[in-house]
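> When you get a sec, could you give me coordinates for this:
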Amino acid sequence: MPHLRIALEGIGEHFWLVPDNKPAISIEPDDLELSDDLLDRIEAWSDTFDAILDPVDPKSSQFPTPEAEIVWRAEGHAIAAAIRAELGDEWEVEARF
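Predicted structure coming up:
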């Protein structure tokens with residue numbers, strides 16, 4: 001079963017293919033068979049995170065308000081659910097954020 005991980009590892013590196021017993025491989029959402037509408041949502045969601053990420057000190061990265069972070073996380077979980085629905089039961093989709 002293919003395993004997709006959504007995890008924020010750096011600017012633009014948010015989607016990972018996780019093979020059995022091997023390191024995860026960064027992939028682009030465009031490489032998956034997802035609808036254009038979902039790809040647009042993913043791009044906006046990713047851009048929001050990339051805009052606040054401090055690549056020199058990632059742990060100091062912060063959203064402008066706690067509410068903005070709550071909204072961003074909720075959209076991420078909704079996106080993960082939409083990806084699961086579009087890819088089907090033959091994929092495992094994991095969200096880590």
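> pLDDT on stretch 45-65, on average?
For stretch 45-65, mean pLDDT is 90.
> first vs last residue of that stretch, how far apart are they?
Taking CA to CA, to the nearest Å, the first and last residues of stretch 45-65 lie 16 Å apart.
> now swap in stretch 4-16 and tell me
With CA to CA as the measure, stretch 4-16 spans 6 Å from end to end.
> neighbouring contacts of it?
By CB atoms under 8 Å, 6 or more residues apart in numbering, the residues outside stretch 4-16 that reach it are 17-18, 24-29, 32, 46, 49-50, 53, 55, 58, 76, 79-80, 83, 87, 91-97. Yep, even glycine has a C-beta here, placed from its N, CA and C like the rest.
> Name the residues of that stretch that are buried.
By neighbour count on 16 or more other CB atoms under 10 Å, the buried set for stretch 4-16 is 4-6, 8, 14-16.
> In PyMOL, how would I select the buried members of the contacts of stretch 4-16?
Here is the PyMOL command that selects the buried residues among the contacts of stretch 4-16 (16+ other CB under 10 Å):
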select buried, resi 29+32+46+49+50+53+76+79+80+83+87+93+95
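> Give me the contact list for stretch 40-58.
Residues contacting stretch 40-58 (CB under 8 Å, 6+ apart): 8, 10-12, 14, 29, 34, 60-64, 72, 75-76, 79, 82.
> State the distance from Ser26 to Asp36.
Distance, Ser26 to Asp36, by CB to CB, to the nearest Å: 22 Å.
> same question but for Asp50, I mixed them up
Taking CB to CB, one finds Asp50 at 20 Å from Asp36.
> picking that back up, when you check the buried residues of stretch 4-16 against the strands, which ones overlap?
Per DSSP state E, strands hold the following members of the buried residues of stretch 4-16: 4-6, 8, 14-16.
> where do the helices sit along the protein?
36-52, 66-87 (DSSP state H).
> What residue in this protein is the furthest from its centre?
The C-alpha centroid of the chain is most remote from Asn21, which lies 21.5 Å away (CA atoms, centre = their mean).
> Would you quantify the distance from it to His3?
Separation of Asn21 from His3 (CB to CB): 12 Å.
> swap in Asp47?
According to CB to CB, Asp47 and His3 sit 25 Å apart.
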